[in-house]
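# Give me a model of this one.
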Amino acid sequence: SAFKAFAVAAGIKDGFSLKDTFDGNSPYYFPDGSKAVNEGGGNGQDYGSAVSLTKATEQSINTAFIDLTASMKNGPRKLANMAVATSALR
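Next up is the predicted model:
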């Protein structure tokens, strides 16, 4: 959860807006078959297939942030770079 703010910043820098939507369903399946879930019992709470980045941030929806990161070319690298760049501002 600590990296969600960096994901938002990286996404905005990459051209996404707070109104763009991402997959809030749980579980979220990766191409290799592994999965991630939202908070809640079993497979986690579903928030629907089109959750705005604003709602994802307000509700801390894990799967929407995974989908945001996956939607960016080299998303994990961009997120990590944003975290490093932001920490350099301190």
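
# Please make it C-alpha for all contacts and neighbour counts, starting now.
Will do.

# If we ignore the residues flanking it in sequence, what's nearest Gly75?
Thr69 (4.7 Å; C-alpha to C-alpha, 6 or more residues apart in numbering).

# Would you list the phi and psi of that neighbour?
Per-residue torsions, Thr69: phi -60, psi -40 (degrees, to the nearest 10).

# Same check on Ala36?
Here Ala36 shows phi and psi, under degrees, to the nearest 10, equal to phi -130, psi 150.

# same question, Lys35
The phi/psi pair for Lys35 (degrees, to the nearest 10) is phi -140, psi 160.

# quick one, strands of the protein?
21-22, 28-29, 35-36, 51-52 (DSSP state E).

# So what are the sheet partners of the third one and their directions?
According to DSSP bridges, strand 35-36 forms sheet pairs with strand 28-29 (antiparallel).

# how about the helices of this structure, start to end?
4-13, 53-59, 62-71, 75-87 (DSSP state H).

# Dump the third one to PDB, keeping only the CA atoms.
It stands for helix 62-71. Taking C-alpha atoms only, helix 62-71 is exported to PDB below (Å, rounded to 0.1, in the frame of the first residue of the first chain):
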ATOM      1  CA  ASN A  62      -5.100  -3.500  -4.700                       C
ATOM      2  CA  THR A  63      -6.300  -4.900  -8.000                       C
ATOM      3  CA  ALA A  64      -6.900  -1.500  -9.600                       C
ATOM      4  CA  PHE A  65      -3.300  -0.500  -8.800                       C
ATOM      5  CA  ILE A  66      -2.000  -3.700 -10.300                       C
ATOM      6  CA  ASP A  67      -4.100  -3.100 -13.400                       C
ATOM      7  CA  LEU A  68      -2.800   0.600 -13.600                       C
ATOM      8  CA  THR A  69       0.800  -0.600 -13.300                       C
ATOM      9  CA  ALA A  70       0.200  -3.300 -15.900                       C
ATOM     10  CA  SER A  71      -1.400  -0.800 -18.200                       C
END
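
# wouldn't Tyr29 be in contact with Asp23 here?
No - under the criterion of C-alpha atoms under 8 Å, Tyr29 is not in contact with Asp23, lying 10.7 Å apart.
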